[in-house]
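**Student:** fold the following for me, if possible:
(2 chains)
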Amino acid sequence: MPVGTHILTVEDDERIRQAVKLALLDEGWAVSEAANGEDALNVFTAEPTDVVLIDIMLPGIDGFEVCRSIRRRSDVPIIMVTARADTHDVVAGLEAGADDYLTKPFAPKELSARIRALLRRSRNADSGELDRITVGDLEIRPDEGVVNRGGEELHLTKTEFKLLVELASSPGKVFSREALLERVWGYDYFGDGRLVDVHIRRLRTKVEADPASPRYVVTSRGLGYKLQT
Amino acid sequence: MARRPPRTRRLGLQARVALFYALGALLFSSALAGTAFVVTRNRLVDSAAERARDQVEANAGRIRNGLEDLPPPDQREAVAEGELDTVELTLDGTFRPNRTRSLLVFEGESRSIGGVEADAVPQPLRIVVQDGSAGQIITTNADGQSLLAIGVFIAAIDAEYYELARLDELDDTLATLRNILAGSAIGTAGLGAALGAWSARRLLRPIGNVSRTAQRIAAGDLSERLDPAVDPDLARLATSFNSMVATLAERLERDSRFASDVSHELRSPLMTLTASIEVLERRQDQLPEVAGQAVELLGTDIRRFQRLVEDLLEISRADAGAASLELSPLLLSEFLEQVVATTAAPGVEISHPADADDLIISADKRRLAQIISNLVDNADKYGGGATDVGYEGRGDVVRLWVGDRGAGVPLADRARIFDRFSRAGGEAGRRATATGSGLGLSLVAEHVRLHEGRVWVDDRPDTEDGAWFVVEIPVGDVESDGEFA
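**Tutor:** Numbers count the residues shown, from 1 in each chain, chains lettered A, B, ... in the order given. Below you'll find the predicted structure:
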């Protein structure tokens, strides 16, 4: 793992914070901590951060708000920690800009795997041989991490960008949610379609002229998504 | 404990009321019909008899006029063979035009008109007439037809005169009347039954409401209540029913809130435990051997504990009725491959049906994945490992199965096995396990129930030893695009 990777964990329970810190330190990463939303934003501003881990249940400014604030300033990968996997918290957290989520209690091994996948994504967004993909008035340059629509650059997060590049690697081909999870999030196990759905929705708000009736990123018979040429 | 409903020895209340009404209506209408029939028949017979009597008297008068002046037999002229004597001529003249059937007993000799034999006249009538009176009697002939026999004594010529009138027309009328009356009696009984059923249903409607409400409550909707204002007669029932449900709901909520609170509270220390034990496990080779073994034990039980807490949380959510499905369409073949790869038997071959590419269902992925992985894990713990995983479409449902080649599940345990903390295989199974939460199969049952499907355990279809767990869930609406709102 690259040296100097810096992880910010935002968690109000001190013991959990310490235990998670131990586990992350054990992976060889640098860890900074915050016990509430205000601290988190201060630390984030003060220190360079590669991945943020946020517990949704925070005193004061809640995790969603912290997530939105960070997202306004940066496309740093964010992992949300929720209490339950089947609540609206998951979708709300993803809508707030999180790239991924975990449910308490999670195994630190699981957390490390997610962090590694996110780091891979943010350091390496290239899609192989293609250095330029053009679909309609969208121009995607995977190596540079740039998307233009009608000559104007769009600001995508790493996850959104990777998602778009995946879809653009075979325009017109339908990618199932499972396939996208595996390729974009790097899960080699069963994942959660909500991750894909919410990110597709966020991607649409950026690349589509009218996100309500998408022209590029279209849903295919409930099974998955494709990039319409 | 499921209590068996009491054996039904009698008809239902509704059927009983309907039957009661029907019998009452039948009794009443047949009494009425019977009376009407008797009265009408008597009147009809009376008037027929009156008409017949008038005719008999007229005929008797004519006979008297014809024979009054007849000299005694010894002074009459002899008649030639084959010719009619005076009496016969008189009768012939009187009766030729109408086809009356009568009998004249004159001078000790019976003379029949229209083929009436002397013995066709009932004996009692003859006695009455011989005594010098007039009489009538209703009788039946050999063919079963009703006959009205009327007799008079013609004093002037010392003769008995009888007429037999057929009552055919009367019989027909009476038969029609009888049919109409019987028909209407049966109709009234039917109407009574319908009325009884209807009013019983109306009466039972509030009770039906109570039972429907109770059913909804039993199905888990504890917010259901009866409206006590609907019927003053039932207000007390409604009030006590409602307070019973409220008490029950409160208690259930307290129970499930407790389970949920406990699990929630356990999560934070568990989080600390799992994070710390992982650090320790990673450094196990740096620890003295005994400490390393202790860490291994600790790690195993912490993971088991974590599993238990997660399962308890899931179950308590289902108990609180807070669980809801998050449906999305999925291609079973792809989904199962991915899920099975994460289970205790990642290498088990999945048998795909020929139409695998068409088997797209709408299901809650997280829950369906848990169903499959719990069944596979269960086979691993108690059945020596899953050997068969497969699926097939069956119209509106898909059937999934997980089979093993263990000892199988005895018939007696097949329903109980889905209960909480009931582990299969008795002592043997219990000894074999160190990792189960004891909630795996009951979670399977909960998830399947949420999907409105069924789960059961069977013998292997190839009849060899082993258990065969089968899940059937509806295909659902796969046309929706399945994005989460």
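**Student:** report the separation between whatever residue of chain B ends up closest to chain A and residue B:124.
**Tutor:** Closest to chain A within chain B is residue B:275: 3.4 Å, counting by CB to the nearest CB. The C-beta positions use only the backbone N, C-alpha and C, and glycine is treated the same way. Relative to residue B:124, residue B:275 is positioned 120 Å away (CB to CB, to the nearest Å).
**Student:** ok, residue A:57 next?
**Tutor:** The span separating residue A:57 from residue B:124 equals 112 Å under the rule CB to CB.
**Student:** now residue A:21
**Tutor:** Here the criterion is CB to CB. By it, residue A:21 lies 127 Å from residue B:124.
**Student:** for the helix or strand that contains the residue of chain B closest to chain A, give the mean pLDDT please.
**Tutor:** With elements delineated by DSSP states H and E, residue B:275 resides in helix B:235-282, which encompasses its position. For helix B:235-282, the per-residue pLDDT values average out at 84.
**Student:** ok, now stretch B:455-465?
**Tutor:** Along stretch B:455-465, the predicted confidence averages to a pLDDT of 90.
**Student:** residues of it that come out buried?
**Tutor:** Taking 16 or more other CB atoms under 10 Å in any protein chain shown as the neighbour-count basis, stretch B:455-465 is seen to contain the buried residues B:455, B:457, B:459-460.
**Student:** quick one: secondary structure of residue B:104?
**Tutor:** Applying DSSP: H, G, I helix; E, B strand; the rest coil to residue B:104 yields a three-state assignment of strand.
**Student:** tell me the SS of the closest residue in space to it that isn't next to it in sequence?
**Tutor:** With CB to CB, 6 or more residues apart in numbering or on different chains as the criterion, residue B:104 has its nearest non-adjacent residue at 4.6 Å, and that residue is residue B:111. Classification of residue B:111 using three-state DSSP returns strand.
**Student:** so what's the residue count around residue B:111?
**Tutor:** Applying the criterion other CB atoms under 10 Å in any protein chain shown, we find 19 residues in the vicinity of residue B:111.
**Student:** pLDDT at it, what is it?
**Tutor:** The score at residue B:111 is 78. That number is its pLDDT.
**Student:** likewise residue B:479?
**Tutor:** At residue B:479 the predicted local confidence, pLDDT, stands at 61.
**Student:** my guess is residue B:358 meets residue B:352, correct?
**Tutor:** No - under the criterion of CB atoms under 8 Å, residue B:358 makes no contact with residue B:352, lying 11.5 Å away.
**Student:** looking at the two, which one has more neighbours?
**Tutor:** For residue B:358 versus residue B:352, neighbours defined as other CB under 10 Å are more numerous around residue B:352 (16 against 11).
**Student:** nearest residue to the more buried one in space, please, no chain neighbours.
**Tutor:** The spatially closest residue to residue B:352, leaving aside those adjacent along the chain, is residue B:333, at 5.5 Å (CB to CB, 6+ apart).
**Student:** closest point of chain A to chain B, which residue?
**Tutor:** Residue nearest to chain B within chain A (CB to the nearest CB): residue A:19, separated by 3.4 Å.
**Student:** give me the element that residue is part of.
**Tutor:** Assessed by DSSP H and E, residue A:19 sits inside helix A:14-26.
**Student:** what's the angle from the helix or strand following that helix to helix A:14-26?
**Tutor:** Scanning forward in sequence from helix A:14-26, with DSSP H and E defining helices and strands, the next element found is strand A:30-34. What separates the directions of strand A:30-34 and helix A:14-26 is an angle of 160 degrees, with axes from the mean of the first three to the mean of the last three CA atoms, to 10 degrees.
**Student:** what lines up beside strand A:30-34 in the sheet?
**Tutor:** According to DSSP bridges, the neighbouring strands of strand A:30-34, each with its direction, are strand A:6-10 (parallel).
**Student:** show me which residues of the strand it pairs with are buried.
**Tutor:** Residues A:7-10 are the ones in strand A:6-10 that count as buried (16+ other CB under 10 Å).
**Student:** show me the contacts for residue A:84.
**Tutor:** With contacts taken as CB atoms under 8 Å, 6 or more residues apart in numbering or on different chains, residue A:84 has the following neighbours: A:103, B:313, B:317.
**Student:** re earlier: assign a three-state SS to the residue nearest to residue B:352, would you?
**Tutor:** helix.
**Student:** is it in contact with residue B:355, as I believe?
**Tutor:** No - Residue B:333 sits out of contact with residue B:355 when judged by CB under 8 Å, with a separation of 10.0 Å.
**Student:** neighbour count: those two, which is higher?
**Tutor:** Shown here are residue B:333 and residue B:355; by other CB under 10 Å, residue B:333 has more neighbours (17 against 9).
**Student:** distance of the more buried one from residue B:444?
**Tutor:** Distance from residue B:333 to residue B:444, by CB to CB: 21 Å.
**Student:** now for the residue nearest the centre of chain A: which residues touch it?
**Tutor:** Taking CA atoms, centre = their mean as the criterion, residue A:99 is the residue nearest the geometric centre of chain A, at 2.0 Å. The contact partners of residue A:99, taken as CB under 8 Å, 6+ apart, are A:77-79, A:118, A:157-159, A:199.
**Student:** any idea what residue B:477 is structurally, helix, strand or coil?
**Tutor:** The three-state label given to residue B:477 by three-state DSSP is coil.
**Student:** just list the residues touching it, thanks.
**Tutor:** With CB under 8 Å, 6+ apart, residue B:477 has these contacts: B:327, B:362.
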